[in-house]
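[1] how would this look folded up:
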Amino acid sequence: MADELAVILDAKEAERLATGFVFTEGPLWHPGGFYYFVDVRASVLYRIEPGRPPEVVRDGTGGGNGTTFDLEGCLVNCEGDNRRVTRTAADGRVLVLADRFEGKRLNRPNDVVCRSDGSLYFTDPGLRVPLAERELPSAGVYRVARDGTITLVAACEYPNGLAFSPDERVLYVANTRFAQYIHAIELDARGNMVRRRIFADMSSDETDGVPDGMKVDVQGRVYCTGPGGTWVFAPDGARLGIIRTPEVPANLAFGGPDLRTLFFTARTSVYTLRVKVPGQPHPWYRLRPR
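    Predicted coordinates for the structure are as follows:
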């Protein structure tokens, strides 16, 4: 497995950019030259430029967690404590994209990704919401269309991180509780589920870490944070190895001008590690004026 990771990694050790947080999450590269990330338990959104201290972007995020951009480059954030998904407009206003499905309040939106058609997919696990406060019958993966229509893509046990395959015909979803695995949800051209299968088993004897944040590189490899570090899988689901960092990460993102820097949000710190294969670019990166 070490030989398999040698094909991927361009550095042996991760570099710590900043520390002193409670629980970091929501990593996202901005092509302006910085990363966004959140401290979930402190409800703070940060930005950090390598070599400089982090800056507070927004305080009081309501348990802000997973982040992405929409096709206009506006920041989209899952707010777990607020039980909603929001969009921060260019003027700084925080607008609600989703807080209910069929009139029932969402559980606890966790992570979110953007498809090239502008639709947004987010996970909504329910286990951490007291039973008396749950309005939806199950946890699930949802899609928000460009016109604001919200649909249930798939019901899941405990959906967490998610990422698209390079052709966007497969949506990978990490299942964190009960059983630890990655779902592969096959989609049709309109983004609806056709079928689903187990892509990879992530059960482990290691007790630190669970299947969580996930990204895909341009060659279709899947990177998912999990027990002991970041697990790397070939497109066929074969495990290539585990990337070990000083702290076990909850999420990761590809960044840097060449998208060959892994940015890890790992408990009290954030780290970077250079790799040889770039990550799959966000759809907005392609549309952004140069």
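
[2] use CA for all of it now, contacts and neighbours both
    Will do.

[3] Run a quick neighbour tally on the residue lying closest to residue 218 once chain neighbours are set aside.
    Nearest non-adjacent residue to residue 218, counting by C-alpha to C-alpha, 6 or more residues apart in numbering: residue 280, 4.8 Å away. By the criterion of other C-alpha atoms under 10 Å, residue 280 has 22 neighbours.

[4] what stretches of the stretch 101-250 of the chain score poorly on pLDDT?
    Nowhere does the stretch 101-250 of the chain drop to pLDDT under 70.

[5] what are the ranges of the strands in it?
    104-105, 112-114, 120-124, 139-144, 150-156, 159-164, 170-175, 181-187, 193-201, 214-216, 222-226, 229-233, 239-243 (DSSP state E, counting those that start in this stretch).

[6] Could you save those as CSV and add columns showing mean neighbour count and distance to residue 19?
    As requested, the strands of the stretch 101-250 of the chain are exported to CSV (neighbours: other C-alpha atoms under 10 Å; distance: least, C-alpha to C-alpha, whole Å):
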stretch, mean neighbour count, distance to residue 19
strand 104-105, 14, 35
strand 112-114, 25, 25
strand 120-124, 27, 28
strand 139-144, 22, 32
strand 150-156, 18, 34
strand 159-164, 27, 23
strand 170-175, 26, 26
strand 181-187, 21, 29
strand 193-201, 15, 31
strand 214-216, 26, 22
strand 222-226, 29, 19
strand 229-233, 24, 18
strand 239-243, 20, 20
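
[7] Can you convert the ones you listed into TSV and add a column each for distance to residue 274?
    Shown next, in TSV, are the strands of the stretch 101-250 of the chain (distance: least, C-alpha to C-alpha, whole Å):
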stretch	distance to residue 274
strand 104-105	41
strand 112-114	23
strand 120-124	28
strand 139-144	31
strand 150-156	34
strand 159-164	20
strand 170-175	24
strand 181-187	25
strand 193-201	25
strand 214-216	15
strand 222-226	14
strand 229-233	14
strand 239-243	12
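
[8] and residue 207, which of those is closest to it?
    Nearest of these to residue 207, taken as C-alpha to C-alpha: strand 222-226 at 9.7 Å.

[9] From the contact counts, what lies against that closest one?
    strand 214-216, strand 229-233, strand 251-255 (3 or more C-alpha pairs under 8 Å, 6 or more residues apart in numbering; DSSP states H and E).

[10] Give me the sheet partners of that strand and which way each runs.
    strand 214-216 (antiparallel), strand 229-233 (antiparallel) (DSSP bridges).

[11] got the angle for that strand vs strand 239-243?
    Relative orientation of strand 222-226 and strand 239-243, computed by axes from the mean of the first three to the mean of the last three C-alpha atoms, to 10 degrees: 50 degrees.

[12] ok now strand 222-226, how far from the chain's centre?
    10 Å (C-alpha atoms, centre = their mean, to the nearest Å).

[13] Now for the residue nearest to residue 218: which residues touch it?
    166, 215-218, 254, 259 (C-alpha atoms under 8 Å, 6 or more residues apart in numbering).
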